[in-house]
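> Quick one: sequence and predicted model below, then my questions.
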Amino acid sequence: MTHIAVDIGASSGRLVIGDIKNGKLTIEEIHRFANGFTERNGTYYWDIDHLLTEIVKGLAYAKTLGVKRCTLGIDTWATDYVLVDQEGKRVQEVIAYRDKRTERTIEKITKHISKKDIYEKTGIQFLSFNTLYQLYEEKKENLEKTKMIMTVPDYLGYKLTGCAVTEVTSASCTQLLNVKEKDFDQDLLQLLSIEREQFPPFSYPGDMLGYVRNEYFPDYDLPETKVIIVGSHDTASAVAGVPAAEKNWAYLSSGTWSLIGIESDAPIITEKSLFYNYTNEWGVFGTYRFLKNIMGMWIIQEVRRHLTKDYNFAQMVDEARKAPPCKQFINFNDQRFFNPDNMVEEIQKYCRETLQPVPQSTGEIARCVFTNLAILYSLSIDEIESISGRTIDSLYIVGGGSQNDFINEMTAAVSRKTVFAGPSEATAVGNILIQLIAEKKLANLQEGRNLVLNSFSIKRFDPRESGNDALKEQFKQAVFSWICTEYRLHKKN
Ligand SMILES: Nc1ncnc2c1ncn2[C@@H]1O[C@H](COP(=O)(O)OP(=O)(O)OP(=O)(O)O)[C@@H](O)[C@H]1O
Ligand SMILES: C[C@H](O)[C@H](O)[C@@H](O)C(=O)CO
Ligand SMILES: [Mg+2]
């Protein structure tokens, strides 16, 4: 039986075939496609029909490769949702979480229920685009027409199999689940005038969803496909795919977002975790992903989009290496970088406002982005150790961003932790591990993680290596300018 992961991130999607051959986990990407949101009449939308078509195309291609039977797992980004009416049709197109409609919604909702109460109920970080805030802004007439509210991966599974579920790792990112009651929080649903029954029954990683109804797609010759529920939030699958063998490790799922955190057997909901805005997204097999969203590679993706010359990401790393040491501190978690019209101009404007040297060249800008992301990662590790009381010895960087050795080196230098980088397709790998466990080809997740460690080349960056001394000097300067910047910002306000 072949196993196929469908992993769709904000910037790209892919189908990856995986299996265990000669004691190694082998993966092969068989289909990749672009993803992204577009603006129509002032609103940002995803093209979810495009994503469904690309999944079916990928399955049809697998059939041409000789795949007659397979299992399939679907993971995507979180927080966005699909409204489905009585006939199983979408009530409206899928609005993207970077839309501006929720810019002020946290303020509106916290007039009815405090941040402290919401956090104590859910343990979820305050992101302006959480589903709680998106549904608050949703047109009432749309919700009245809605029979089912589904997350993006659950909707894709529904369109393939006709089976409707609410997978818990994605559902936890809505900020609507009560972490003690392990169900949707009635007070929050009431605030939204939404019934619990509008969400399909819960499902859990390892459950079976159903078979792809090939008759739904008469134009395609498809394999017999059994859909298995995986960590349908892409970060949940990415964490499952982290090749950690020892204890005291943290992960950084580095893609459009940088999700940095630890895996915990229980939620960590304290004054401190609220203050530093950490979240307790539900993980696979009853774990919790205690983590923080850092703006991540979105920044460099948007910088690249506004450059006159076309660079690939490896070339941008080369340009950064050639540039002089970074002289700016930029807190890229500032909301102004969430979705500016022009990221290059926004970075330069920030530096002017904070009386810092303004980066001009591609190399200077890229180095400034990578340097400051490494500082933010290192500060987060300090925060996680302080909040959780745990000592972190190593950081596993996985996802596309794990290919950025410039950041890997700098993160090791500043955080003073050993950094392991890879696999870049950890999300798809974790997705496949869950399928292998469901199909009894693996006994448990640790066996899967050990398999990943022995199957992929994982790079190691040691903080004590001489090459990092120069970096440490640069960072002292960058962190000093950060402190000055924060001081100037507060003084100005
Ligand atoms: N060769 C490379 N060198 C350096 N960085 C790279 C390289 N290839 C990809 N990246 C980084 O990886 C990022 C994409 O990561 P990834 O493929 O994990 O994202 P995604 O899965 O498409 O989106 P999401 O983060 O929403 O899941 C790019 O924005 C880029 O910064
Ligand atoms: C918007 C969410 O925070 C998002 O799903 C993030 O977790 C993600 O996209 C990780 O790839
Ligand atoms: Mg991804």
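Received it, and whenever you're ready, just let me know what you need. Ligands and ions are numbered 1, 2, ... in the order given.

> so residue 368 sits in a helix?
Yes. Counting by DSSP: H, G, I helix; E, B strand; the rest coil, residue 368 is located in a helix.

> Provide the count of other residues in contact range of residue 310.
Residue 310: 7 surrounding residues under other CB atoms under 10 Å. (Glycine included, C-beta is placed from N, CA and C.)

> Need the three-state assignment for residue 53.
helix.

> how many other residues sit next to the residue in the stretch 251-400 of the chain that ligand 2 sits nearest to?
Ligand 2 sits closest to residue 257 of the stretch 251-400 of the chain, with a gap of 4.4 Å, by CB to the nearest ligand atom. When neighbours are counted by other CB under 10 Å, residue 257 registers 23.

> what do you get for residue 89?
Residue 89: 10 neighbours (other CB under 10 Å).

> can you check the one 3 residues further on too?
When counting by other CB under 10 Å, one arrives at 15 neighbours for residue 92.

> and whatever helix or strand residue 253 lives in, how far from the chain's centre?
Assigning secondary structure by DSSP states H and E places residue 253 in strand 249-254. Remark: strand 249-254 is offset 11 Å from the chain centroid, using CA atoms, centre = their mean, to the nearest Å.

> Name every strand pairing with it and say which way it goes.
strand 258-264 (antiparallel), strand 394-398 (parallel) (DSSP bridges).

> Any buried residues in that strand, and which?
249, 250, 251, 252, 253, 254 (16 or more other CB atoms under 10 Å).

> For the last one, which residues count as its bridge partners?
It stands for residue 254. Bridge pairing for residue 254 - DSSP bridges - gives residue 258.

> Okay, it and residue 168: tell me how far apart.
24 Å (CB to CB, to the nearest Å).

> Give me the neighbour count for residue 198.
The burial count for residue 198: 17, using other CB under 10 Å.

> Also the one 3 residues further on?
The number of residues packed near residue 201 is 8, by other CB under 10 Å.

> got it, and residue 398?
A count of nearby residues for residue 398, using other CB under 10 Å, gives 31.

> for the residue lying closest to it once chain neighbours are set aside, what are its contacts?
Leaving aside its chain neighbours, residue 398 sits nearest to residue 426 (3.4 Å; criterion: CB to CB, 6 or more residues apart in numbering). Residues in contact with residue 426 (CB atoms under 8 Å, 6 or more residues apart in numbering) are 237, 238, 241, 242, 253, 398, 399, 402, 452.

> and if we set it to 6 Å?
238, 241, 398, 399 (CB atoms under 6 Å, 6 or more residues apart in numbering).

> Neighbours of residue 139, how many?
Count around residue 139 with other CB under 10 Å applied: 11.

> Report the separation between it and residue 125.
26 Å.

> go on, residue 155?
Taking CB to CB as the measure, residue 155 falls 24 Å from residue 125.

> And for residue 451?
Counting by CB to CB, the gap from residue 451 to residue 125 is 31 Å.

> for whichever residue of the stretch 51-200 of the chain sits closest to ligand 3, what are its contacts?
Sorted by distance to ligand 3 under CB to the ion, the residues of the stretch 51-200 of the chain start with residue 77, at 7.6 Å. Going by CB under 6 Å, 6+ apart, residue 77 touches 10, 234.

> Over to the one 3 residues further on?
By CB under 6 Å, 6+ apart, the contact list for residue 80 reads 94, 97, 152.
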